[in-house]
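**Student:** this one's structure only:
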């Protein structure tokens with residue numbers, strides 16, 4: 001028997017004293033930690049804490065309605081904390097932090113300016129119509145002239161140079177004749193920087209296909225080196241060129257325009273794009289040199305298109321259609337043809353390409369259209385104006401709109417950036433389908449969920465496009481094995497549960513891989529978006545639902561007598577109930593899942609309207 005040592009043995013209570021919470025009235029209550037439990041239960045407790053943390057980070061509803069932290073990505077908690085701090089800074093800025101009044105004033109001004117802008121809808125390329133290109137160095141008034149001639153506010157105008165970067169198309173009618181017009185970005189031929197070089201390349205495309213060119217210079221300043229270099233390039237081109245000396249706001253200033261004849265142009269016209277001075281003289285001279293072949297055919301085709309546009313059926317909001325239905329769910333005789341009655345035939349599907357900056361939206365547009373329509377660069381925020389292009393495929397017409405990257409308010413400093421963000425939201429609301437582009441390498445971030453929430457709450461059909469998938473598989477350089485598509489898709493679904501109805505496509509826009517799948521999904525989603533279910537089929541479906549399975553408190557439940565589809569795009573259902581209350585979220589989600597299980601509605605959100613049944617009619621029965 002071993003002799004006893006003189007050291008007193010401490011009990012378990014004293015051995016783990018460091019893990020116990022401090023005692024006393026002032027000591028805060030501490031939650032249980034893994035060190036305060038038995039070793040066998042530490043793993044179980046750690047798993048529970050990890051699951052609770054993940055549940056707190058994962059939104060179950062749209063970000064428009066749920067206050068949450070950022071979404072977990074493959075980069076771990078470091079990036080998560082960084083995004084969370086950035087969101088907190090934005091909230092502090094907008095709720096009275098440093099410079100909040102100035103920022104709020106700038107955003108209100110940007111929203112006011114955006115309200116006057118016209119959404120991007122370039123005319124279809126018509127080979128019968130001649131094309132006139134507007135060019136010049138930055139900040140001389142090209143976009144102002146374009147807006148004046150097209151009688152729109154299509155191009156973003158501001159004091160900041162280099163706002164316009166991509167080509168913007170429009171149409172002008174003058175003297176009974178229609179002509180296509182293209183606005184190009186500010187040209188600086190000798191600038192070797194990436195963005196100016198890409199702007200110059202885009203401008204050269206417009207100049208090469210033009211029948212006549214209008215070069216714009218600033219009449220209030222001296223001739224600059226970019227003006228002289230651009231004039232030499234245009235004179236060597238051999239096309240008719242007209243020099244528009246802009247910012248000549250009064251007749252007394254017209255004489256100063258003669259000083260610009262040093263550039264070598266015969267046709268020099270002083271104008272004021274902002275006030276409209278001299279615009280008629282400029283158009284008369286330009287129209288006189290344009291080719292006249294096919295003008296009559298173009299005008300006749302134009303009239304046919306206008307007549308077709310006049311025959312478009314009017315679109316009624318779902319709330320306006322509630323009175324169209326009787327108590328028995330039958331449709332009342334409408335006074336006009338409504339899209340909600342299944343008579344609307346879409347001639348064109350508008351698809352907005354949305355997402356964070358630098359996720360590959362412009363690259364995707366170029367891959368879908370098979371052109372270099374949009375400027376592509378690794379610099380975030382390259383796209384300012386929305387760029388749209390029409391693609392005809394298998395008898396269907398698709399208009400793809402590349403929008404500017406939507407970023408946080410704290411990250412937008414210039415007025416042009418604020419305008420582009422607001423216009424991106426407007427283009428999204430005017431589209432039928434939204435392509436939410438996500439960078440596969442960076443994973444799902446909080447901004448992706450916010451943008452997806454905009455599309456979800458506005459009623460747009462959504463397709464999630466995971467771009468740069470080659471960086472996670474064949475072109476992976478970090479030494480890790482290729483990513484599994486099923487696991488990645490499940491992680492994405494867990495991160496954005498409110499978009500569980502949206503199809504997911506994995507593409508590589510730069511390599512052109514799986515891009516054709518986008519057309520198939522867009523066609524499918526657009527068809528599902530406009531699908532209408534008869535009232536009889538909906539009520540037969542309603543009889544088969546077991547509402548006891550809905551996890552809704554009893555006091556929040558309502559009795560549904562019958563339901564009918566009031567509108568399409570998005571599909572909207574009217575529920576005739578025993579009381580006029582807003583549906584509980586769980587009840588609404590349960591009903592939407594049941595409808596999707598039977599009638600699909602792939603890619604489209606489902607809206608519900610509640611209408612209480614007439615109590616007097618119930619008492620008579």
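**Tutor:** The structure has been received and is ready for your questions. As the structure is a prediction and not an experimental result, all values here were calculated from the model. Residues are numbered from 1 along each chain as shown.

**Student:** doesn't residue 562 make contact with residue 576?
**Tutor:** Yes - counting by C-beta atoms under 8 Å, residue 562 is a contact partner of residue 576 at 5.5 Å. (Glycine included, C-beta is placed from N, CA and C.)

**Student:** how about low-confidence regions in the stretch 251-400 of the chain?
**Tutor:** 293-347, 375, 377-381, 383-385 (pLDDT under 70).

**Student:** element containing residue 528, please.
**Tutor:** helix 516-529 (DSSP states H and E).

**Student:** so for the helix or strand that comes right after that helix, mean pLDDT?
**Tutor:** Where DSSP H and E defines the elements, the next helix or strand beyond helix 516-529 is helix 535-543. If you average the pLDDT over helix 535-543, you get 92.

**Student:** for the helix or strand following helix 535-543, packing partners?
**Tutor:** Per DSSP H and E, the first helix or strand lying C-terminal to helix 535-543 is strand 560-567. Packing partners of strand 560-567 (3 or more C-beta pairs under 8 Å, 6 or more residues apart in numbering; DSSP states H and E): helix 535-543, strand 572-577.

**Student:** can you lay out the ones you listed as TSV showing mean neighbour count and distance to residue 55?
**Tutor:** Shown next, in TSV, are those (neighbours: other C-beta atoms under 10 Å; distance: least, C-beta to C-beta, whole Å):
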stretch	mean neighbour count	distance to residue 55
helix 535-543	14	32
strand 572-577	21	30
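
**Student:** I'd like to know how far residue 593 sits from residue 601.
**Tutor:** 11 Å (C-beta to C-beta, to the nearest Å).

**Student:** so between these two, which is more surrounded?
**Tutor:** The neighbour count for residue 593 versus residue 601, taken as other C-beta atoms under 10 Å, is higher for residue 601 (21 against 13).

**Student:** so that one sits against residue 531, correct?
**Tutor:** Yes - under the criterion of C-beta under 8 Å, residue 601 makes contact with residue 531 at 6.8 Å.

**Student:** coming back round to it: tell me which of the helices and strands packed on strand 560-567 lies nearest to residue 209.
**Tutor:** Checking those against residue 209 by C-beta to C-beta gives strand 572-577 as the closest, at 44.1 Å.

**Student:** list the helices and strands whichever helix or strand comes after that closest one packs on?
**Tutor:** Of the helices and strands lying after strand 572-577 in sequence (DSSP H and E), the nearest is helix 585-599. The contact analysis (3+ C-beta pairs under 8 Å, 6+ apart) places helix 585-599 against helix 535-543, strand 607-612.

**Student:** pairing partners for the last one, with directions?
**Tutor:** Strands adjacent to strand 607-612 in the sheet, as given by DSSP bridges, are strand 572-577 (parallel).

**Student:** picking up where we left off before, let me have the helices and strands packed on helix 585-599 in TSV, extended by distance to residue 450.
**Tutor:** Converted to TSV, the helices and strands packed on helix 585-599 look like this (distance: least, C-beta to C-beta, whole Å):
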stretch	distance to residue 450
helix 535-543	34
strand 607-612	21
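
**Student:** of all these, which lies closest to residue 408?
**Tutor:** That would be, of the helices and strands packed on helix 585-599 and by C-beta to C-beta, strand 607-612, which comes in at 28.4 Å.

**Student:** now the closest one: mean pLDDT?
**Tutor:** So the average pLDDT for strand 607-612 ends up being 91.

**Student:** so which bits of that strand are buried?
**Tutor:** 607-611 (16 or more other C-beta atoms under 10 Å).

**Student:** now do the buried residues in the helix or strand that contains residue 207.
**Tutor:** For residue 207, the host element (DSSP H and E) is helix 194-209. Buried residues in helix 194-209, defined by neighbour count with 16+ other C-beta under 10 Å: 196, 198-200, 202-207.

**Student:** which other helices and strands contact it?
**Tutor:** Helix 194-209 packs on strand 131-135, going by 3+ C-beta pairs under 8 Å, 6+ apart.

**Student:** could you tell me which residues touch both of residue 601 and residue 531?
**Tutor:** Shared contacts of residue 601 and residue 531, defined by C-beta atoms under 8 Å, 6 or more residues apart in numbering, are found at residue 571.

**Student:** what is the neighbour count of the residue nearest to residue 199 when sequence neighbours are not counted?
**Tutor:** Setting aside the residues directly before and after it, residue 199 is nearest to residue 185 in space (C-beta to C-beta, 6 or more residues apart in numbering), at 3.8 Å. Counted by other C-beta under 10 Å, the residues lying close to residue 185 total 29.

**Student:** correct me, but residue 185 touches residue 203?
**Tutor:** Yes - counting by C-beta under 8 Å, residue 185 touches residue 203, with 5.9 Å between them.

**Student:** now the common contact residues for those two.
**Tutor:** Among the neighbours of residue 185, those also in contact with residue 203 (C-beta under 8 Å, 6+ apart) are residue 167.

**Student:** so residue 350 lies in a strand, does it not?
**Tutor:** Yes - looking at residue 350 with DSSP: H, G, I helix; E, B strand; the rest coil, it is inside a strand.

**Student:** who does it bridge with?
**Tutor:** Bridge pairing for residue 350 - DSSP bridges - gives residue 399.
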